[in-house]
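Student: no letters, just coordinates:
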């Protein structure tokens, strides 16, 4: 990690020299100036992580300099230093956005402690900001269609409420994304988002997840004051749904406890009546991708950007005929199927411009059927073989067909890779 950059602003040459030597010994990059005006010029010229800013300066004093730094929204932490500090001055500096305040004569230990705490605070804030930005991207509702706009309005209305939400729609339409968006933009954003994948749980596992534990609360306890997302709740056994309805009904007496959000298939009537009454307060219906074909191009381009960044490879472009073929497809797997296809095109298409011929046969291409990892498999063996074929092709593409490099990346002997290529029918 690069050394963090510190700006020292003090009108006493001795103080500047001492701080510069100490901070350089601690591994920081240091710049020193003697006035507020020079400090502002310095932050215009380069980026700093923190500034040690004397209050009493000739011309523009430290508080005026601090105020201007904040008005300019300069991203750094400010530690004020002064030989004539008062409580009033310290309070004012803090209100203006200073991280802390140290007095002269400076204690080496205290100055370094305060500076390191300021830098740690900045790193945490930046990390939090990046995570929130990533969350915003991950839960963004993309599209310019009327259907996409209707979903955005429904999500905003649900986020402004604290009522239970029932999200209905086909698999792969992004129901979990909408649930996370409602949570992240609502009043419970700082609390837990607890998901239960109901479709993956048998009766016993569902009972344990929902009601297990010493207090019989299961995940309901983990989601206290937060959001409980019941993914595919209609796939639970009927008796488990009945018991869950009773538990959610009891929460009506403590509305601040857990907010339930549930996803179901296109037919919400598959949920038992008692549970549907508890969940179907706010209804959000997610349209299938074939119902908003005008959004396919935008979604494909966004997926291409995100996946290229994720894999660290150059982004590829889809030509006009390729985009037209994507828009004409019915997308039975919805947005999830589109993203999987874009991932395969990014990794397997031979050129930077993706053409119709690069698409699988069912979309008008000539590359053979796409490897659909989300289809129903006969057994575990067939599913593992499909993933093995997909992953080996991805690695071969990444190393531009170099089989020795592919074998090394896969952790296989070259002869073992050749046997797998023959068994999996990979050219």
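Tutor: In hand now; what should we look at? Worth saying up front: this structure is predicted, and the values here are computed from it rather than measured. Numbers count the residues shown, from 1 in each chain.

Student: where exactly do the helices run in the stretch 201-350 of the chain?
Tutor: 203-211, 219-222, 238-250, 273-279, 296-311, 320-328, 334-348 (DSSP state H, counting those that start in this stretch).

Student: tell me which residues in the first one are buried?
Tutor: For helix 203-211, a neighbour-count test (16 or more other CB atoms under 10 Å) marks 206-207, 209-211 as buried. All C-beta spots, glycine's among them, are computed from the backbone N, C-alpha and C.

Student: tell me the SS of residue 3?
Tutor: Three-state assignment for residue 3 (DSSP: H, G, I helix; E, B strand; the rest coil): coil.

Student: wait, doesn't it sit right on residue 28?
Tutor: Yes - using CB atoms under 8 Å, residue 3 makes contact with residue 28 at a distance of 5.8 Å.

Student: neighbour count winner among the two?
Tutor: Per other CB atoms under 10 Å, whichever of residue 3 and residue 28 has more neighbours is residue 28, with 20 against 13.

Student: so what's the more buried one closest to, chain neighbours aside?
Tutor: Nearest residue to residue 28 in three dimensions, chain neighbours excluded: residue 6, at 4.8 Å (CB to CB, 6 or more residues apart in numbering).

Student: residue contacts, residue 83?
Tutor: Listed by CB atoms under 8 Å, 6 or more residues apart in numbering, the contact set of residue 83 reads 56, 103-105.

Student: now flag whichever of these is closest to residue 240.
Tutor: residue 103 (63.9 Å; CB to CB).

Student: counting neighbours, what do you get for the closest one?
Tutor: Neighbour number of residue 103 under other CB under 10 Å is 14.

Student: check what pLDDT it gets.
Tutor: On the pLDDT scale, residue 103 is placed at 84.

Student: what do you get for residue 233?
Tutor: 94.

Student: please begin residue numbering at 13 from this point
Tutor: OK, 13 is where the count begins now, so the last one is residue 245.

Student: mind listing what the residue nearest to it when sequence neighbours are not counted touches?
Tutor: Using CB to CB, 6+ apart and skipping residues adjacent in sequence, the residue nearest residue 245 is residue 274, 4.2 Å away. Applying CB under 8 Å, 6+ apart to residue 274 gives the contacts 176-179, 241-243, 245, 283, 291.

Student: what strands flank the helix or strand encompassing the residue nearest to residue 40, and is each parallel or antiparallel?
Tutor: Taking DSSP states H and E as the criterion, residue 18 maps to strand 17-21. Using DSSP bridges, strand 17-21 pairs in its sheet with strand 41-45 (parallel), strand 62-66 (parallel).

Student: nearest to residue 210, of these?
Tutor: strand 62-66 (48.7 Å).

Student: give me the contacts around that closest one.
Tutor: 16, 18-24, 27, 31, 51, 55, 74, 77-78, 81, 88-94, 110-111, 123, 127, 130-131, 134.

Student: select the longest helix from the protein.
Tutor: helix 120-150 (DSSP state H).

Student: who does it touch, helix- and strand-wise?
Tutor: Applying 3 or more CB pairs under 8 Å, 6 or more residues apart in numbering; DSSP states H and E, one finds that helix 120-150 makes contact with helix 25-37, strand 62-66, strand 89-94, strand 112-115, helix 187-196.

Student: next one: it to chain centre, how far?
Tutor: 18 Å (CA atoms, centre = their mean, to the nearest Å).
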